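Asker: One predicted model, sequence on top.
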Amino acid sequence: MYDHYFTEEHHLFRQSLRSFLQKEVIPHIPSWEEAGETPRSIYQLFGKMGYLGLMQPSRYDGSDCDFWFTVILNEELARVNSGGFSAAIGAHAYLALTHIGSQGSELQKQKYLVPGIEGKTIGCLAITEPGGGSDVQALRTTATRQAGHYLVNGSKTFITNGVNSDYIIAAVKTGEGISMLIIDRDTPGVSATALKKLGWHASDTGEIAFDKVKVPLENLLGQENQGFLYIMKHFVLERLTLAVGGMAAAAFALEVTLQYMSERTAFGRPINRFQVLRHRVAQMASEIEMNKAFIYTLCQRFQDGDYLVKEASMAKLLATQLADKVATECLQMFGGYGFMEEYPMARIFRDARLGTIGGGTSEIMCEIIAKMVVDGKGYGG
Amino acid sequence: MNTYNFTEEHQLFRQSLKAFLEKEVTPHIDQWEEDRRIPREIWKKMGAMGFLGLSYPEEYGGLGLDFFYDVIFCEETSKVFSGGFSITQMVVQYMSGPYILKHGSDKLKQKYLPGIISGELISCIGITEPSAGSDVANIKTTARREGDHYLVNGSKTFITNGVYGDFIVAVVKTDSEAGSAGISLLVIDREAEGVSATKLKKLGWHASDTAELSFDQVKVPVENLIGQEGQGFYYLMGGLQLERLSGAIGAYAASETALDYSLAYMAERTAFGRPINRFQVLRHRVAQLASEIEACKAFVMHCARLHNDGQYVVKECSMAKLLATELSDKVMYQCLQFFGGYGFMEEYKIARMFRDSRVGTIGGGSSEIMREIIAKMVIDDVDYRSSSRTQTRTQTQTHPTTPKPETRNSKPETLKSIITQLEKRAVQSKSLGKSLKFDFGEKQLFIDGKGEKNDFSLKNEAADCTVKISFENFQKLISGKLNPMNAMIGGDLVIEGDMGVAMKLQSLFS
């Protein structure tokens, strides 16, 4: 079906990744979900396997792989059935490390990127604040330049890895513009509170406060006041991976459900014999396949260097809506068992709910798409 | 946009087709809709321009081009704001002509193909009857052989081009007792004695003519039989992929057109002192629709690519037809809403787009039929390319208490006895001309039909055509309990390689 995208190497990578996750991750998920966090040891293991720097250059210990390896990683992570675990890995490897890999100085790369790829240190990306989320221009956290350092004041919230990470890539106001700073966790004045959540239990989500935090000038990522552009630039990658994750989660939910439906009987036959349920499955399977074909087309174009803000936003919008819908409908197929933690559906359902919110809500996606489709506006290439 | 599938030549072709349609078609659409008829001259003009028969072989006047030219043809003809216009040639080029091209005799090809490529002949496909639509096995029209002709009796309905067309590729029963194995395809000239048509009034598709046809003692020459008697089911089956794919292309292209048309209106129309495209709730609706169209288009294009590569993707094409026609309905409904009261007036084209779209989820197999087929593929044979899983599943369902090793041991013997049976029958049946392999997962049945007779063995060698099927289903197949066509739709058997060989399955077991 998709042989024109995946080579033999990709298939081998998927196989070895799948068996790795089966052995090292899946058995521990229940306890990590219970604990509300993902242990450091698994980052180190991921680092050893080379899973944290798939797209990063080899001179920083990365694997120099094409984008399809990242697609496979995100697809396989969805099959672990822990949105929290996938988010913990993703926030580090794709949010934090992408900013450092792209804008970081040589010094910053040696200090943060290399150990990050090895899984020895963990990062997070902090943009959203209690008073402003997707409205990046309205951020209130300030960084005032003083002799030898920035003085940072403000707070960030809903930050994945916000409690346990070693450093924070924070979007801050430097005068009129926005800049990105690397703030070490152990700098005096940095504090974090873990937030309790509906789902994503295996990841720690923090509200972070900065109280007169002195950050060395050398911790500025890229140039001052260029932060907004950097954020926009990486949105495409973020939205594409979120779209892949949404689509893969929906596919996994349906797979699990089909298995259940073939075993569960009612009125003397397996419930997969009932026409009304069969047609619901057919509809979902079709929509999943369509999203997959759409996303793969975009992944190929991303790999080829195309400009994709509109299409990636469309894919994120549709795939996360799909995951939500599929999770809801599949849970129904499980009846009462869908509500019990004994079966995988309950977690799939609650973890899917964040899809249409995190990484820009569906409403924000629609705003962006409308500006491009209705007003013919572009978002700088 | 789709730089992967369309080359510079494709784009040039698109431009010239577009320019032609704007000049020769668009100005006349209102009139043709009013007349409930499209004049033949336009098809001849299109034929003369080389717009018809794009992927048909050159020997019949075609251009032998790749499928993406057909994609462009379906897209652009679906953008002239008249579903009735686009369906006319889609029926000719993609839904009826291919049966003659793929299975017809040289004589039939010579007689009919040059005409549909030059635009001089208009064809229709006659499947549906007043009492049977998608349930093809239950059609009632009969064709009884009498000497050098068939005598055809029965009726067909909802036949596009049935009133003004020149010939019908008609689905008939040549053996009423044999169920789907008694179905054949006949070319029936519209002017033949005993053929009559009643023009049906419709909700939409006004420019096209739709007929109820009746056949009363119609004499059809035996040479008008397409392919072999009793093979009609397979031929139809093989045509579904293209039919559904072209329907899906037309549907997303019409959706795109409606959204563009609405966007232009929304930029001009003001309410409460500003253009209505400034209202957030409408903007988000546009964003949602634009996203769904974009995704749908990418999916259909993916299917088109696989089709162009010669892959068997009937599941994906059924999914594409389902989603694209459902989407088109939704887009038309919501776009009409953007126009307010004007949406209800014929002055704007959205009213026509709305009513023309409505047949999308019905024609060419309803959405419910699509879901039936998809459900069979997705639920009853989850890993649809692999027969081993089907086999395991069927085993556990049929013999829940039988220990596996025993089942395995019993197989080779049964298989050998089957071979003996088949060898006896094979004396009468013609050799396949190619090699065919039944793959039961653990065991294989190899039929070498390259010589004068079919040789049966248990070799596991590469064959021209491989049929993956569970052993249980194979037994049902050869004993006539399982219809090969249904088995194929349902994913109970998967055919890889030369479809032509698979078409001869029936003759092998009868």
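Answerer: Nice, I can see it.
Asker: what's the distance between residue A:109 and chain B?
Answerer: Going from residue A:109 to chain B by Cβ to the nearest Cβ, to the nearest Å gives 34 Å. In this view, the C-beta of every residue, glycine as well, is placed from N, C-alpha and C.
Asker: For the closest residue to that residue other than its chain neighbours, give me its contacts.
Answerer: Once flanking residues are discounted, residue A:109 sits nearest to residue A:60: 5.6 Å by Cβ to Cβ, 6 or more residues apart in numbering or on different chains. In this structure, residue A:60 makes contact with A:53, A:101, A:109-110, A:113-114, A:117, judged by Cβ atoms under 8 Å, 6 or more residues apart in numbering or on different chains.
Asker: Nearest to residue B:133 among those residues?
Answerer: Proximity of these to residue B:133 (Cβ to Cβ) peaks at residue A:53, which lies at 57.0 Å.
Asker: Can you classify the closest one by secondary structure?
Answerer: What DSSP: H, G, I helix; E, B strand; the rest coil gives for residue A:53 is coil.
Asker: how about it, what does it touch?
Answerer: Residues in contact with residue A:53 (Cβ under 8 Å, 6+ apart) are A:60-63, A:93, A:97, A:113, A:116-117.
Asker: Could you do residue A:65 as well?
Answerer: Residue A:65 makes contact with A:54-55, according to Cβ under 8 Å, 6+ apart.
Asker: Specify the local secondary structure of residue A:74.
Answerer: Per three-state DSSP, the secondary structure class of residue A:74 is helix.
Asker: That one: how many residues sit nearby?
Answerer: Residues lying near residue A:74 (other Cβ atoms under 10 Å in any protein chain shown) number 23.
Asker: how close does it sit to chain B?
Answerer: In this structure, residue A:74 and chain B are 18 Å apart, going by Cβ to the nearest Cβ.
Asker: what's the nearest residue to that residue if we skip its chain neighbours?
Answerer: Counting by Cβ to Cβ, 6+ apart, residue A:74 lies nearest to residue A:244, which is 4.4 Å off, once chain neighbours are set aside.
Asker: measure that neighbour to residue B:236 for me?
Answerer: Residue A:244 sits 38 Å away from residue B:236 when distances are taken as Cβ to Cβ, to the nearest Å.
Asker: Same question for residue B:418.
Answerer: When Cβ to Cβ is the yardstick, residue B:418 and residue B:236 sit 29 Å from each other.
Asker: what do you get for residue A:232?
Answerer: Counting by Cβ to Cβ, the gap from residue A:232 to residue B:236 is 52 Å.
Asker: These two - which one has more neighbours?
Answerer: With other Cβ under 10 Å as the criterion, residue A:232 and residue B:236 differ in neighbour count, and residue B:236 comes out ahead with 20 against 13.
Asker: Let me know the pLDDT of the closest residue to residue B:137 other than its chain neighbours.
Answerer: Ranked by Cβ to Cβ, 6+ apart and with sequence neighbours excluded, the top spatial neighbour of residue B:137 is residue B:180, at 4.2 Å. Residue B:180 is assigned a pLDDT of 86 by the prediction.
Asker: And for residue A:268?
Answerer: pLDDT, read off for residue A:268, is 89.
Asker: And for the closest residue to residue B:123 other than its chain neighbours, the neighbour number?
Answerer: The shortest distance from residue B:123 to any non-neighbouring residue, by Cβ to Cβ, 6+ apart, is to residue B:96 (4.3 Å). Burial of residue B:96, expressed as a neighbour count using other Cβ under 10 Å, amounts to 29.
Asker: Can you verify my assumption that residue B:96 contacts residue B:124?
Answerer: Yes: at 5.9 Å, residue B:96 counts as touching residue B:124 under the criterion of Cβ atoms under 8 Å.
Asker: joint contacts of those two?
Answerer: With Cβ under 8 Å, 6+ apart as the test, residue B:96 and residue B:124 both reach B:168-169.
Asker: element containing the residue of the stretch 51-200 of chain A at minimum distance from chain B?
Answerer: Nearest residue of the stretch 51-200 of chain A to chain B (Cβ to the nearest Cβ) works out as residue A:134 at 14.3 Å. Under the assignment given by DSSP states H and E, residue A:134 is not contained in any helix or strand.
Asker: Verify the stated contact: it with residue A:358.
Answerer: No: taking contact to mean Cβ under 8 Å, the distance of 10.5 Å between residue A:134 and residue A:358 leaves them out of contact.
Asker: So the two - more neighbours on which side?
Answerer: residue A:358 (19 against 15).
Asker: In terms of helices and strands, where is that one?
Answerer: Using DSSP H and E, residue A:358 sits in no helix or strand.
Asker: Is it in contact with residue A:242, as I believe?
Answerer: Yes: counting by Cβ under 8 Å, residue A:358 does reach residue A:242; the two are 7.4 Å apart.
Asker: Neighbours of the closest residue in space to residue B:62 that isn't next to it in sequence, how many?
Answerer: Leaving aside its chain neighbours, residue B:62 sits nearest to residue B:56 (2.8 Å; criterion: Cβ to Cβ, 6+ apart). Counted with other Cβ under 10 Å, the burial measure for residue B:56 works out to 22 neighbours.
Asker: ok, and for the helix or strand hosting residue B:318, which residues are buried?
Answerer: Applying DSSP H and E as the criterion places residue B:318 in helix B:314-338. By neighbour count with 16 or more other Cβ atoms under 10 Å in any protein chain shown, helix B:314-338 contains the buried residues B:314-329, B:331-332, B:334-336, B:338.
Asker: sec struct for residue A:214, please.
Answerer: Put simply, residue A:214 is strand when judged by three-state DSSP.
Asker: how close does it get to residue A:112?
Answerer: Using Cβ to Cβ, one obtains 18 Å as the distance from residue A:214 to residue A:112.
Asker: Between the two, which has more neighbouring residues?
Answerer: Relative neighbour count places residue A:112 above the other of residue A:214 and residue A:112, with 26 against 14, counting by other Cβ under 10 Å.
Asker: and the more buried one, what pLDDT?
Answerer: As predicted, residue A:112 sits at a pLDDT of 98.
Asker: hang on, isn't it packed against residue A:120?
Answerer: No: at 10.4 Å, residue A:112 and residue A:120 do not qualify as touching, with contact defined as Cβ under 8 Å.
Asker: Tell me the residues on chain A that lie near chain B, please.
Answerer: Those residues of chain A that sit near chain B, judged by Cβ under 8 Å from any Cβ of the partner chain, are A:1, A:4, A:255, A:258, A:261-262, A:272, A:278-279, A:281-283, A:285-287, A:289-291, A:293-294, A:296-298, A:300, A:311, A:313-315, A:317-318, A:363, A:365-370, A:373-375.
Asker: quick one, phi/psi of the residue of chain A positioned farthest from its centre?
Answerer: Of all residues in chain A, residue A:268 has its C-alpha farthest from the mean position, at 43.2 Å, by Cα atoms, centre = their mean. Backbone geometry at residue A:268, expressed as degrees, to the nearest 10, gives phi 80, psi 10.
Asker: Kindly provide the distance from it to residue A:375.
Answerer: Relative to residue A:375, residue A:268 is positioned 58 Å away (criterion: Cβ to Cβ).
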